[in-house]
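J.: Sequence and predicted structure below; questions after.
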Amino acid sequence: MTLVAGLRAASYGIPFQPVAGVHGSELARINGWKTIVDPYGSGSEVYVIPAVHPDIAVIHAAEIDDEGNARVYGSPFWDHPLTRAAKRVLVTAEKRVATDRLREQPELTLVPGFMVEAAAIVPQGAWPGSMHPYYDIDYPAVERYMEDRPGVLESHLADAPEIAAPR
Amino acid sequence: MDWTPFSFIVIHLARQIRAGEISFSGVNSTLPMLACLLAKRACDFDFTWINVAGGVEPQPVKVPLSSSDPAIVHGSPAIFANQDFYDLCARGGLDLVFLGCAQIDAEGRTNVSAIGSWENPKVRLPGGGGAAVMLPTAKRVVTWRNDHTPRALVDKLDFITASGHMTALVTPLAVFEREPRAGARFHLARFNPAVTVADIAARTGFSFDATAAKPATPASARELDALAALDAGGRFSAAIDG
């Protein structure tokens, strides 16, 4: 939430963002967060979080056209503040679609193409996570990845269904 | 019936949910997710359940292992994503939030940042995930532990990640409650009749008032039926009860 406040500051083009809460948390001390008193006189003291400017945001979308317009179904999670705060936006997507399809329901486009620097079509790209509405979380793959033994990362990378998938 | 750790925690988390309220369950919160699903089945009153996957009053056809699985958005008439539910909490619109803890103290402050010192930790924990904002801004926050040990229920936290409106702590043995105001301490409200108050005190790192403590009300048939349906095949309880 404080991270999002930093991303919002960046996306709003301002140096910091007030945020609710944080009082009584040692996160303020270790991060050096400061408070300001409401300049309009309510007396309340609010933490302000410095802007966070990611160099690159990488998001995974459902569909993308040749212009980079990217559609997401279901919850966008943090994609909106991330893509607005970052200096550059890269998109991977499950499917390549015609722009006319996106014109039918433009409100489903999460990132317009003018913001997208580069894109790749990567079916199964969210694996072993889920991608609504195409596939669910691959729980056995997550459990294998969490095993504490040598070679786990290598075998996880070797599974790579996103490379084997037809496109 | 005898309580199991799983049944005690989930049913007592569900009993924290109140009529007409908006309740929220987050990431890495499988037991609160089950508590919300259980309350939907076992309570006569209405409440609004929203979750970290973006679901608003979902109608899930399957119960996922992960509390952030999009399966708990299925059937939602709206998507209420991360920015929305955090902002709702910040402006005082979330009545009940379930937040996890690695350590908790008598004033309901939580540590999910580090065991040992922050600068030189023994264990680096995943972090608050918004807890520093949600604990002081939600009207009530409820937490839980799958174990009941003085390592987790401590007199002094290694690090204070969040502080605020904690009102209940549920473990396999006990339900502690406190008023959501600065300085208020947990008191023992309910205990698992398999143990005594003295047993609980011996396993709790902070001191607490037990004068109002009562044995847990037995689970109702509806609670048990709902829990059995959600836990078909023991897919959730096996991880808690062993």
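T.: Noted; the coordinates are in hand. Numbering: from 1, shown residues only, chains lettered A, B, ... in the order given.
J.: Show me the residue at the heart of chain B, geometrically.
T.: Nearest residue to the geometric centre of chain B (Cα atoms, centre = their mean): B:Thr143, 3.4 Å.
J.: helices and strands around the host helix or strand of that one, which ones?
T.: Taking DSSP states H and E as the criterion, B:Thr143 maps to strand B:140-144. Contacts defined by 3 or more Cβ pairs under 8 Å, 6 or more residues apart in numbering or on different chains; DSSP states H and E place strand B:140-144 against helix B:5-14, helix B:30-42, strand B:96-98, strand B:166-170. C-beta here means a position set from N, CA and C on the backbone, and glycine is covered the same way.
J.: for the record, mean pLDDT for that strand?
T.: Averaging pLDDT along strand B:140-144 gives 98.
J.: Now do that strand and helix B:30-42, the angle between them.
T.: 110 degrees (axes from the mean of the first three to the mean of the last three Cα atoms, to 10 degrees).
J.: now strand B:140-144: how far from the chain's centre is it?
T.: Relative to its chain's centre, strand B:140-144 lies at 5 Å (Cα atoms, centre = their mean, to the nearest Å).
J.: How about residues contacting that strand?
T.: Residues outside strand B:140-144 that contact it (Cβ atoms under 8 Å, 6 or more residues apart in numbering or on different chains): B:9, B:13, B:16, B:31-32, B:95-101, B:104, B:108, B:110, B:134-135, B:164-171, B:180.
J.: and the residue lying closest to B:Asn146 once chain neighbours are set aside, how many neighbours?
T.: Excluding its sequence neighbours, the residue lying closest to B:Asn146 (Cβ to Cβ, 6 or more residues apart in numbering or on different chains) is B:Ile240, at 5.6 Å. Neighbour count for B:Ile240, taken as other Cβ atoms under 10 Å in any protein chain shown: 20.
J.: gap between the most centrally placed residue in chain A and chain B?
T.: Centroid-nearest residue in chain A: A:Asp79, 3.8 Å away (criterion: Cα atoms, centre = their mean). Separation of A:Asp79 from chain B (Cβ to the nearest Cβ, to the nearest Å): 9 Å.
J.: how far away is that residue from A:Val4?
T.: 12 Å (Cβ to Cβ, to the nearest Å).
J.: before we move on, what about A:Pro15?
T.: 16 Å.
J.: who's more crowded, the two?
T.: Taking other Cβ under 10 Å, A:Pro15 and A:Val4 do not tie; A:Val4 has more neighbours (24 against 10).
J.: just checking, the more buried one touches A:His80?
T.: No - at 10.0 Å, A:Val4 does not count as touching A:His80 under the criterion of Cβ atoms under 8 Å.
J.: anything in contact with each of the two?
T.: B:Gln83.
J.: Any stretches of chain A with poor pLDDT?
T.: Flagging of chain A using pLDDT under 70 yields the residue ranges A:164-167.
J.: if you go through it in chain order, where are the helices?
T.: A:2-12, A:27-31, A:79-85, A:99-104, A:139-146, A:152-159, A:161-164 (DSSP state H).
J.: do the same with chain B
T.: B:5-14, B:30-42, B:82-90, B:131-137, B:197-202, B:221-230, B:237-241.
J.: between the longest one and helix B:5-14, what angle do the directions make?
T.: Relative orientation of helix B:30-42 and helix B:5-14, computed by the same axes, to 10 degrees: 70 degrees.
J.: quick revisit: ok, the residue nearest to B:Asn146 to chain A distance?
T.: 17 Å.
J.: Tell me who's in contact with that residue.
T.: Contacts of B:Ile240 by Cβ under 8 Å, 6+ apart are B:Thr4, B:Pro5, B:Phe6, B:Ile9, B:Leu31, B:Asn146, B:Pro172.
J.: Show me what from chain B comes close to chain A.
T.: By Cβ under 8 Å from any Cβ of the partner chain, the residues of chain B that approach chain A are B:53-54, B:64-66, B:69-71, B:73, B:79, B:81-83, B:86, B:89-91, B:109, B:113, B:118, B:128, B:130, B:132-137, B:159-164.
J.: Report the buried members of those residues.
T.: Among the residues of chain B next to chain A, those classed as buried by 16 or more other Cβ atoms under 10 Å in any protein chain shown are B:53-54, B:64, B:66, B:69-71, B:73, B:81-83, B:86, B:89-90, B:109, B:113, B:128, B:130, B:132-137, B:159-164.
J.: Name whatever forms a beta bridge with B:Val175.
T.: When bridges are called by DSSP bridges, B:Val175 pairs up with B:Val170, B:Arg190.
J.: neighbours around it, how many?
T.: Neighbours of B:Val175 using other Cβ under 10 Å come to 25.
J.: With B:Val195 instead?
T.: Neighbours around B:Val195, by other Cβ under 10 Å: 16.
J.: try A:Leu27
T.: 21.
J.: Also the one 5 residues further on?
T.: Residues near A:Gly32, counting by other Cβ under 10 Å, number 7.
J.: Ok, the one 5 residues further on next?
T.: Other residues near A:Val37 come to 11 when the count uses other Cβ under 10 Å.
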